[in-house]
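Q: What would the 3D arrangement of this be:
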Amino acid sequence: MTTKKVILITGSGSGIGAAIARELAAPGTCLQLHARGNDAASRQSMQATYDFLSSKGATANIHYADLNDAGSGHALVKQTVDTFGQLDQVVSNAGHASKKSLHEASRQELLAAVENMAGALLEIAQAARPHLQHSPHASIVLTSSFVAHRFRPTELYPLTAAAKAAAEALAMSLAAELAPLGINVNSVVPGYTLKDPNRHAASDWQERLTPPPLGRFGSPEDIAGAVAFLLSEKARYITGQKLAVDGGLCLG
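A: You can find the predicted model right below:
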């Protein structure tokens, strides 16, 4: 008999989030999808993800919201539990990169970036905690970024670096606080990762950068595999860790 598992994935309409959903899709798995859904292309991409998950036997539900809005994380968790009756795991993946330099960035933009990433994680974790503590599979995984660990003059993302570092620190605190409840909390730290070609304009960044030591840039599926491992029963004794999935980018 298949045991139902309910997984909430933020930012799951495209890219890494959609790849995570596809990786986890299986009969008996219920996936709560989330995206901002602020344009037609975003909603079409989400529908394509939904259709794929259904074809794999998973049950999915879609929720559109801007996690910058206070209370949106609580509402997302509530809808998940109202729809599926439980919540077992959370993947906090939503976020976006800012390339603004320190000279261009404002204090308000820094606060907004931290709110978008660390603030959303905090609110969702708070709302999810009462449900996760009753699950034998309880786990939270944060999608962070190499920009919080690697600082090269030509590759700086100061606002995103600060926001991701704040989210990682919060995840470590959550790991310590929630461990007695049997809730694992870990982070994956992707390196340069290819985007969905149908969702993002063409870019020459791959030509401008030297590939990491493994000789290629990452794919969303590379990150999804690491997240799936951290959510699996094989990782039940792992918590408070940051797993770099970057092809060796941060080796030096």
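
Q: State whether Ala112 is indeed within a helix.
A: Yes - assignment of Ala112 by DSSP: H, G, I helix; E, B strand; the rest coil places it within a helix.

Q: correct me, but Leu67 touches Gly73?
A: Yes - assessed by C-beta atoms under 8 Å, Leu67 is found in contact with Gly73 at 6.0 Å. (C-beta placed from N, C-alpha, C; glycine too.)

Q: any common contacting residues for those two?
A: Any residue near both Leu67 and Gly73 by C-beta atoms under 8 Å, 6 or more residues apart in numbering counts here, and that gives 120, 123-124.

Q: Show me where this structure has its helices.
A: All helices of the chain, identified by DSSP state H, fall at 15-24, 40-55, 72-84, 107-114, 120-132, 158-178, 205-208, 220-231.

Q: For the fifth one, buried residues please.
A: Under the neighbour-count criterion of 16 or more other C-beta atoms under 10 Å, helix 120-132 has 120-125, 127-129, 131-132 buried.

Q: That helix - contacts with which helices or strands?
A: For helix 120-132, the elements it packs on are helix 72-84, strand 89-92, strand 139-143, helix 158-178, judged by 3 or more C-beta pairs under 8 Å, 6 or more residues apart in numbering; DSSP states H and E.

Q: quick one: it to chain centroid distance?
A: Averaging C-alpha positions (C-alpha atoms, centre = their mean, to the nearest Å) puts helix 120-132 14 Å from its chain's average.

Q: Compute the number of surrounding residues for Asp39.
A: If you count neighbours by other C-beta atoms under 10 Å, Asp39 ends up with 9.

Q: Can you report phi and psi for it?
A: Main-chain dihedrals, Asp39, degrees, to the nearest 10: phi -150, psi 170.
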